[in-house]
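Undergrad: Have a look; sequence and predicted model below, questions after that.
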Amino acid sequence: MSVTHNESIPNQDGDNQNWYSSWFDTPYYHILYKDRNYREAQVFMDNLTHYLNLPEKAKVLDLACGKGRHSIYLNQLGFDVLGADLSENSITEASKNSNETLHFKVHDMREPFEEKFDAIFNLFTSFGYFENDDDNLTTLKAIKESLSEYGFAVIDFMNVANVIENLVPEETKTVDEIDFHIKRYVEDGHIFKQIDFEDKGRKYHFTEKVKALTLKDFQDLMDEAGIYLLDIFGDYKLKKFHKTESERLIMIFK
């Protein structure tokens, strides 16, 4: 991950270990993605909580919660919610919405929680960012260890085959008068997104990098972690997964 201010600071792309912790901590990440379809996300959470038949006041972990928008909605549905994220800035922002049944904490998803949850949600492709592939397995094990005896976990990931088939190599998005120049490509089993823009006389460069994990990859990881994959869906209305046509890969497991 590299951040370049003016051209004088050397490019740091060689240090990819924690690109996500710096990019997700900038205000620009939230500016670029602020037009995401949150109504669709709420419908997804409605469908998901119905499908899982979660009891009233169930303990729910929103893992990689960002600024907590989905945690807040889950809390409004009547659940006791903890939102966890690696980004201190995001958690500081999210914590402004805390109440008796809604809390937020800075947390690395590779670490299990001491408390146990009735449901753990890892939503909107918040997985596969680690430089070391072993960390994906470590994270799955941590999720499993953090579930209560009757708890369920959900990972909502992109459907890699569909994403690669429909990849837009280059585009410019203008948000809040900032022109974000975006390039996308696939390399070494990862999907890359390079983001370049200028703001207030400074040049910025960020690279997003996500492991192109297929259903088979997840199944292998889950087998190794001792996880039972219970169901698979292909979109936020919980329609059947189709390996090339579905936009999402939504996995229910325990």
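TA: That came through fine.
Undergrad: quick one: strands adjacent to the one helix or strand Phe206 maps to?
TA: Assigned by DSSP states H and E, Phe206 falls within strand 202-211. Using DSSP bridges, strand 202-211 pairs in its sheet with strand 190-199 (antiparallel).
Undergrad: Show the subsequent helix or strand relative to the longest strand anywhere in the chain.
TA: Across the chain, the strand with the greatest residue count (assigned by DSSP state E) is strand 147-158. Downstream of strand 147-158, the first helix or strand assigned by DSSP H and E is helix 160-165.
Undergrad: Tell me what angle the helix or strand harbouring Ile252 forms with strand 147-158.
TA: Ile252 is part of strand 248-253, with elements assigned from DSSP H and E. Angle, strand 248-253 to strand 147-158, by axes from the mean of the first three to the mean of the last three CA atoms, to 10 degrees: 170 degrees.
Undergrad: ok, and what's touching strand 248-253?
TA: For strand 248-253, the surrounding residues in contact (CB atoms under 8 Å, 6 or more residues apart in numbering) are 51-52, 152-160, 215, 218, 222, 227-236, 238, 241. All C-beta spots, glycine's among them, are computed from the backbone N, C-alpha and C.
Undergrad: Please pick the buried ones from those.
TA: Neighbour-count burial (16 or more other CB atoms under 10 Å) applied to the contacts of strand 248-253 gives 52, 152-160, 215, 218, 222, 227, 232-236, 238, 241.
Undergrad: Can you pull out the low-pLDDT segments for the stretch 151-254 of the chain?
TA: Residues of the stretch 151-254 of the chain meeting the criterion pLDDT under 70: none.
Undergrad: Work out the gap between the longest helix anywhere in the chain and the centre of the chain.
TA: Identified as the longest helix of the chain according to DSSP state H is helix 38-52. Centroid displacement of helix 38-52 relative to its chain, using CA atoms, centre = their mean, to the nearest Å, is 16 Å.
Undergrad: For that helix, what does the pLDDT average out to?
TA: Averaging pLDDT along helix 38-52 yields 92.
Undergrad: That helix to strand 147-158, inter-axis angle?
TA: Going by the same axes, to 10 degrees, helix 38-52 makes 140 degrees with strand 147-158.
Undergrad: what comes up buried for helix 38-52?
TA: In helix 38-52, counting by 16+ other CB under 10 Å, buried: Ala41, Gln42, Phe44, Met45, Asn47, Leu48, Thr49, Leu52.
Undergrad: want to throw those residues into TSV with distance to Leu77?
TA: Formatted as TSV, those follow (distance: CB to CB, whole Å):
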residue	distance to Leu77
Ala41	13
Gln42	9
Phe44	12
Met45	7
Asn47	12
Leu48	10
Thr49	6
Leu52	12
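Undergrad: what's the closest of those residues to Tyr185?
TA: Checking the buried residues of helix 38-52 against Tyr185 with CB to CB, the nearest one is Ala41 at 27.0 Å.
Undergrad: That closest one touches His70, doesn't it?
TA: Yes. Contact criterion CB atoms under 8 Å: Ala41 and His70 qualify, at 6.2 Å.
Undergrad: how about Ala84, secondary structure?
TA: strand (DSSP: H, G, I helix; E, B strand; the rest coil).
Undergrad: Would you confirm that it contacts Ala64?
TA: Yes. The pair Ala84 / Ala64 is scored as a contact, 7.4 Å apart, by CB under 8 Å.
Undergrad: what's the overlap in contacts for these two?
TA: Shared contacts of Ala84 and Ala64, counting by CB under 8 Å, 6+ apart, come down to Met109.
Undergrad: Which residue comes closest to Thr244 once chain neighbours are left out?
TA: Ala161 (5.0 Å; CB to CB, 6 or more residues apart in numbering).
Undergrad: do the same with His190
TA: Using CB to CB, 6+ apart, the closest residue to His190 is Lys209 (5.2 Å).
Undergrad: now the one you found: how far from Glu245?
TA: 26 Å (CB to CB, to the nearest Å).
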